[in-house]
Each structure stands twice: as structure tokens, then as C-alpha cells.
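> Mind folding the following:
(one chain, ligands or ions: 1)
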Amino acid sequence: MPVARPDSSGARIIAHVDLDCFYVQVEQRKQPKLRGLPTAVVQYNEWKGGGLIAVGYEARNYGVKRSMRGDEAKEVCPQIELVQVPVARGKADLSSYRNAGSEVVSILARKGRCERASIDEVYLDLTDAAEAMLAETPPESLDEVDEEALKSHILGLESKDGNDSKATVKEWLCRCDADHRDKLLACGVLIVTELRMQVLKETEFTCSAGIAHNKMLAKLASGMNKPAQQTTVPFSSVKGLLDSLPIKKMKQLGGKLGTSLQNELGVTTVGDLLKFSEDKLQESYGFNTGTWLWNIARGISGEEVQARLLPKSHGSGKSFPGPRALKTVASVQHWLNQLCEELSERLCSDLEQNKRIAHTLTLHASAFKSSDSDSRKKFPSKSCPLRYGTAKIQEDTFNLFQAGLREFLGSFGVKTQGSHYSGWRITALSVSASKIVPVLSGTCSIMKYFNGPDKFGSTSEQLPDNFIDAAPLSPSGSESYSTLNSTELQNELPGEQVWIEHSMADLGQLEMKANTWNGLDPSCSISKQTSGTESSSSLDQNKPQNRDDSRMRSVPIKSNQQEHKKSALKDKGASSILNFFKSGDLSCSSGNHDTEHAETLLPLGDCLSESNKKQVNIPKERLDNSTGDCLSESNQNQVNIPKERLAEAATTSTSTDRCGSDQIQQRSESWKLRIEEIDPSVIDELPKEIQDEIQAWLRPSKRPHRVKQGFTIADYFSPSKNR
Ligand code: DCP
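The predicted structure is shown next:
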């Protein structure tokens, strides 16, 4: 549930930058011949031409939509170019998109605190940069303003008679008599223009942006004028924007909470919320959410931009919809092995490039019992301390699966071993690594661990103590970043662009090293990917509210959102960024950007050893902490893997070749729209509000918390409780 945050004092300049039709742009950069053609990216599943996951703007003009399958898209646009998502290990391989997103992040982070919000979106806190510009080169002192900046959309600004919109924008940007907030915002407009042009120059990608005084408004604005345009929300236009904004369009209100507001309070626009007192909203939706709703109706949001360039977790998942559902332990193990291989590669890459280690391994699965009417029962997520090394991750994941399956089956006691039909079906599997923290400086020379073959020659050897000690035991893997600004981050860790270059340059060296480690098990394979699944940041449930009405004076604006949308439509295609492509300024050589092929092997996996303890290879202090760590994750269960279960796993871990029968693809239209079709590896990387939507579908039982009027603990125990 959303939580209110106090608005910070002073005007902030926040930008939300969102890449345009991102996967399509990545594919067009790989194949420049696709530029300008109607193009869409499809999931690798070839049923009915595959599901569209990204649609280029040229294809959108023909009516092609993301909800279509490839065949349908071809009907509405016969000349459409359909590009398949890269596939590795039988599943979507998003690494080229992640890497492309990292390139952009490394550019955007140059001007201020930067939060990577999803695979293709970033929040920036540009307050300091805007203050500095205002002090040194205020817009009013400029003779010339960049053409691209003059194409900005300023909400609430109307062209005066005889003045074209560029002249009006210039006048607004360069006003001497503007208040401090608007002057800062004008600086933000110029800074974001420059950043977008830099992104285009260095990566060939266009992006759109919103510039406002908080994250919520910046996010709303970035989608208003796409592609390759930017929209600004001056303080004075906030009320006009929210008054007409459909409630479901607001971040975090696209799901059940928004539906509840519509159905129970008759709210259709965000502005309608103004009719309700804070008490009423709290009474209906709880203290925090009530205050949050009261605030957003007034455009107040104190949510900070977190300094986070790297993902908080890594995940690898695959769905098995309809007839593809897995029904044998052997087939589950086969796919878990594939997912673990990918996860292990990404963990090794993160360790090598960013000097970070993950502490918790988690298995999620979706399942149903074919013979059970209680089909709503969830397959429990399970986690345990993470041991590095592909084989160990595979072994632990399989044990987590078995523990989960036992619990899922409960009293049914269906046989979980062997490869025969057991009355259950697995429709999605995903494995993730979380609680990622930097290795403490002073012990972070990872190569130290690679250089001594003696340390890795045997799987039974213990990891050097200082390596384990290097890992802080804090349950919050992201804490160590949250206090750093982007400059500090760049000093502490190399920028992502740099890592990409380094990793390319280092590959030769690493390969040489790997070759000299003859006889070692190269279970840690490093590929060139630099980042992984983003997980959403947690919200602070207890922060006090701030109701500074004076800061949100309501000044009606002359034009409403629809009018802006209309004028935006007129402007589409006229942006100079688009002309940049038309003018053929770019050489469009994609060779340097194809990041997928270089791979080398490192023996990190075997630097960790087997042990006969219940929790293998975890020092005592981490054993002591592990339960606490896992308890803090509300919906996950800690699993202690008993010794006998490790042996059990060993007996079942060899058969990866018995899954053929599961993969007979009996396609059927009946499963076209099943939730299980959503690839879990994709969900975590989607924009936050899409994630929220999908999570809401996946957890239908979660309802907005409602505090009933007069409801007390005494009521809970009263006989009427069961009514
Ligand atoms: N994506 C996906 N499945 C979805 C939605 C999105 O795999 N259901 C992927 C493909 C998109 C990328 O995430 O290119 C970013 O999603 P956006 O919602 O930002 O959409 P686009 O970037 O494709 O288009 P837009 O220009 O409208 O932002």
C-alpha cells in the first residue's frame, strides 16, 4: 500500500526519464536497417507469431498494440518487422536490454542523484545542478536557448497570439520575474535537454522526460509527450493537471486501490479526492494510505530519489503456461538448473565488476494441483543463505523446490521424487538472489581469490575467512548505497559505462587467467552483462506526514491535460531529436553495441566449499543471523536444508534428460490469456506501475487494508466478528 512521505523543504527539481519503445530501439540499433520501419519485439514463443512486448512508434501509427500477438500485428500492418527477443537456455535473454539500459543510466547519472527505477526508466534529483546553473548561468542571461529545449512542453503555458510556441517557451524559460521555483524548473528543463541529447549522441537512443518538483509529478509528465520530447510541470499547473487526471492513471492507483476509490468513494479523477477530508480517507484506507491519498490529490509527494544505479537483486525465471506446465521432478530440475546457471553468471559478473555479493537465494514457483479443488493455494516461496558456484546454487535451489513442493502438497503426500506424474503442475519458476551488499573495501580484491589455484582446487576446501568476513551481515543490501550521491558512487564503484568497457577489455585477460587454471571447475562463468533485475524499493511505513498546504496553493491553469495532449500530437515527429535520425547524422554502426558474445570462465564457483553442516558453508555468525534475515522478508520462508535432504538431492540431481515429454507443445487457444504466461523474469524489469498491476493480478487475495469505523480489538473478539 502506498505510504505518505513528508515533502522535503525547499523546491526540488526531479526528472523522470523513460526510453522510448525501448526494446525496439535496442533491436534497431543492432540492425540499423530497421530504423524508420514499423517494428515490434516479440517474445520468443512462436505461438500465433509470439506476444508483442514492445512496439515502435511507426508501428503504433498503424494501430499495432502491445496486447497483440505477432499474427494479429501483421494483419493490421502487413509490413511490420517482428524481431524476436534473444533466447538463451530456452528462455528470454534480456541481457542486451539490461546492458543498453546501463549505458543510458551512466550518462544520466552525471548530473545528479540517479535512481534506476526499471530496465528503461530513471529518476534524477537535479536540484543541486539546477541551483548551480541558476547561480552561475541563469537562463535569463542566455542569448540563445537550445532548439531542443524550446520544444519542451510547459504545462499551463499557452502561446500568445502571434507568438509561436517556441517563442513562448523561450520567454517562460528566460523570465526575470519568475519565482525561485520556476527559475529552478527552467534550469531543470535545460539540464534535461542536454542529458537527452547526450544520451542520443552516445547511445543512439531517444528518451522522453518529465520535469517537476517531485517524483510523482515528473513520472506523470514523462509519458505525456512521447517519443523524444519532454514535459514540465510548473507548480502553478499542478491543480489543473490533477483535476482532470483519471484516478487509474496515477502511479499506484492503477490496481485495486484505484478500483476501490472508484467503486466505494465514486472518485473518477485525482481531483475528486479533494472532496474528502484526510480523516475520511484514513478511515477508509488506513492512516498511511489515507494521508498519502490526501497528499497526492494536492500534488504533494516527498518520496526521495534513491542513489541506486545497480539492481537490488538478480532474478531468472520462466513460465510454463497451459500444456507446457511441468509435471515431473526431473523436468523441474532441468529448468531450475538452467535458471541457476543464468543467475550464477550474473552473480559472478556482479562480484567481478561491482564487488558485490548476494546473501539470500530464493525460489518462487506457481503451481496447481490437478486433483484439488483448493486451487488457490500458493506454492510457498523458499529462501536460504546463498552459496556461490553454479552447482551449489542448483543444489540449494532444488532443495528449496522440494521443501516448497512438500508444503504445497501438504496432507496429500504425493510422491515428489522420480519423474512420473504426481498430480501437480508447475506453471512458473524463478530463482533470485537478494541482499546484495558491497564487499568491504580492503578485502575486495576479488582477483586475489582467483589467483591462487590452491584455494580452489578442491570443492571440499573452505572459503578463506576474510572473504566471508568481508560480507556485512546487514539484512538490507541496498542500505550501503542509499546514502551515497552519484559522484560518491562513481568514486566508490566505476560507472556502468566504464564497467562495460572494462569488462570488454578485461575479457581477454580473464580468459587467459581461466586458461591457466587448468583442472579447476569453471563453474562461475562471467559474461558481459552488467546488471539485473530491479526490485522496487521498500517504503517507509512510519514516516510522519507533512501537510504544508501553503506550499501547494491552487492556481487554476488555462489549459487542461487534454489540450496539452492535443498539442503534443501536433508536435509528434517534429522534434529535432527525431530529425537527428532523419538527417542521417548517425553512422548507425551497431557492431560496438552488440554485447552478447564475449564470455569467459572463472573458477569462482569452487572457491566455496561443501560442508556437513545443516547450512553448508555459512560461518557461524551468518547462521545466527540467517533466520532473522529471512524473517524480515514477509512472504518468504527460510529453509534449513537438512543433511539427509542434501543427500536426497544428490540422488535426484543427475537426471536432466528426462524432461522431454513435458515439452511436447500441445498448443491451445484456451491458455492465451493466462496469468501464468507472464514470464517472471520479465515482470521485475518492467516499469514499476506495470509491476504493481501484474502483482495485483497475481495476488488477487490482497485487498486494500480498510480500517472500519469504530473497529477495535474488542470488536475482533466479539461474536459479531464472524458475521
Ligand atoms: N516490456 C515487456 N513486457 C511488457 C511491457 C514492457 O517486456 N508487458 C518491456 C519492453 C519495453 C520495455 O519493457 O520496451 C519498457 O516498457 P515501457 O512500458 O516503458 O514501454 P516502451 O519503452 O516499449 O514504450 P514507451 O515508449 O511507450 O515507453
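
> So the helix or strand hosting residue 185, near the ligand or not?
Taking DSSP states H and E as the definition, residue 185 sits inside helix 180-203. No. Shown here: helix 180-203 not in contact with the ligand (CB under 6 Å from any ligand atom), separated by at least 13.7 Å. Glycine gets a C-beta too; all of them are placed from N, C-alpha and C.

> when you give positions from now on, start the count at 33
With 33 as the first residue, the last one maps to helix 212-235.

> any idea how the protein splits into domains?
42-52+122-276, 53-121, 278-333, 346-441+455-469 (the TED database).

> Go through the chain and flag its longest helix.
With residue count as the measure and DSSP state H as the assignment, the chain has helix 361-386 as its longest helix.

> in the stretch 183-332 of the chain, which spans are strands?
Taking DSSP state E, counting those that start in this stretch as the test, the strands found in the stretch 183-332 of the chain are 185-186, 239-244, 262-264.

> Tell me which of those strands sits nearest to residue 467.
Nearest to residue 467 among the strands of the stretch 183-332 of the chain is strand 239-244; the distance by CB to CB comes to 31.3 Å.

> That closest one pairs with which strands, and in what direction?
strand 46-51 (antiparallel), strand 262-264 (parallel) (DSSP bridges).

> pLDDT below threshold where in the stretch 133-282 of the chain?
Applying pLDDT under 70 to the stretch 133-282 of the chain flags residues 194.

> near the ligand, which residues of it show up?
151-152, 258-259.

> ok, 5 Å please
Taking CB under 5 Å from any ligand atom as the measure of proximity, the stretch 133-282 of the chain contacts the ligand at residue 152.

> In the stretch 133-282 of the chain, which residue sits nearest the ligand?
Nearest residue of the stretch 133-282 of the chain to the ligand, counting by CB to the nearest ligand atom: residue 152, 4.5 Å away.

> So that residue sits against residue 133, correct?
Yes. If you go by CB atoms under 8 Å, residue 152 and residue 133 touch, sitting 5.5 Å apart.

> what residues do the two have in common as contacts?
Common contacts of residue 152 and residue 133 (CB atoms under 8 Å, 6 or more residues apart in numbering): 51, 54.

> Could you count how many residues lie near residue 180?
Neighbour count of residue 180, defined by other CB atoms under 10 Å: 22.

> Verify the stated contact: it with residue 229.
Yes. Contact criterion CB under 8 Å: residue 180 and residue 229 qualify, at 6.0 Å.

> what about residue 468, which SS state?
The assignment at residue 468 comes out as strand when based on DSSP: H, G, I helix; E, B strand; the rest coil.

> one step back: after the longest helix of the chain, which helix or strand is next? Please name it.
Going down the chain from helix 361-386, the next helix or strand is strand 388-401, by DSSP H and E.

> after that following strand, next one along is what?
Remark: after strand 388-401, the chain's next helix or strand is strand 414-417, criterion DSSP H and E.

> all strands of the stretch 33-182 of the chain, in order?
Using DSSP E, counting those that start in this stretch, the strands of the stretch 33-182 of the chain run over 46-51, 71-74, 84-87, 113-116, 119-120, 123-124, 145-150, 153-157.

> Present those strands as JSON lines; the columns should include mean neighbour count.
Formatted as JSON lines, the strands of the stretch 33-182 of the chain follow (neighbours: other CB atoms under 10 Å):
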{"stretch": "strand 46-51", "mean neighbour count": "27"}
{"stretch": "strand 71-74", "mean neighbour count": "26"}
{"stretch": "strand 84-87", "mean neighbour count": "22"}
{"stretch": "strand 113-116", "mean neighbour count": "18"}
{"stretch": "strand 119-120", "mean neighbour count": "14"}
{"stretch": "strand 123-124", "mean neighbour count": "21"}
{"stretch": "strand 145-150", "mean neighbour count": "24"}
{"stretch": "strand 153-157", "mean neighbour count": "25"}
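
> could you dump these to CSV with distance to residue 295?
Listed next are these as CSV, based on distance: least, CB to CB, whole Å:
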stretch, distance to residue 295
strand 46-51, 29
strand 71-74, 35
strand 84-87, 31
strand 113-116, 39
strand 119-120, 42
strand 123-124, 36
strand 145-150, 29
strand 153-157, 30
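
> picking that back up, helices or strands up against the longest helix of the chain?
If contacts are counted by 3 or more CB pairs under 8 Å, 6 or more residues apart in numbering; DSSP states H and E, helix 361-386 sits against strand 123-124, strand 346-351, strand 388-401, helix 422-441, strand 456-470, helix 528-548, strand 556-559, helix 675-684.

> now for the first one, which elements pack on it?
For strand 123-124, the elements it packs on are strand 346-351, helix 361-386, helix 712-715, judged by 3+ CB pairs under 8 Å, 6+ apart.

> Would you single out the least confident of the helices and strands packed on helix 361-386?
Lowest mean pLDDT within those: helix 528-548, a mean of 26.

> Could the C-alpha coordinates of stretch 268-280 be exported in CSV?
Coordinates of each C-alpha in stretch 268-280 appear next as CSV, following Å, rounded to 0.1, in the frame of the first residue of the first chain:
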residue,chain,number,x,y,z
SER,A,268,1.0,26.6,-10.8
SER,A,269,-0.3,23.9,-13.2
VAL,A,270,-0.4,21.1,-10.7
LYS,A,271,-4.0,21.5,-9.7
GLY,A,272,-5.1,21.7,-13.3
LEU,A,273,-3.2,18.6,-14.2
LEU,A,274,-4.6,16.5,-11.3
ASP,A,275,-8.2,17.8,-11.5
SER,A,276,-8.7,16.1,-14.8
LEU,A,277,-6.4,13.1,-14.4
PRO,A,278,-8.3,9.8,-14.3
ILE,A,279,-7.6,8.2,-11.0
LYS,A,280,-6.3,5.0,-12.5
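
> buried residues in that stretch?
268-275, 277, 279-280 (16 or more other CB atoms under 10 Å).

> Tell me the one of the residues you listed nearest residue 187?
Distance to residue 187, by CB to CB, is smallest for residue 269 among those, at 4.1 Å.
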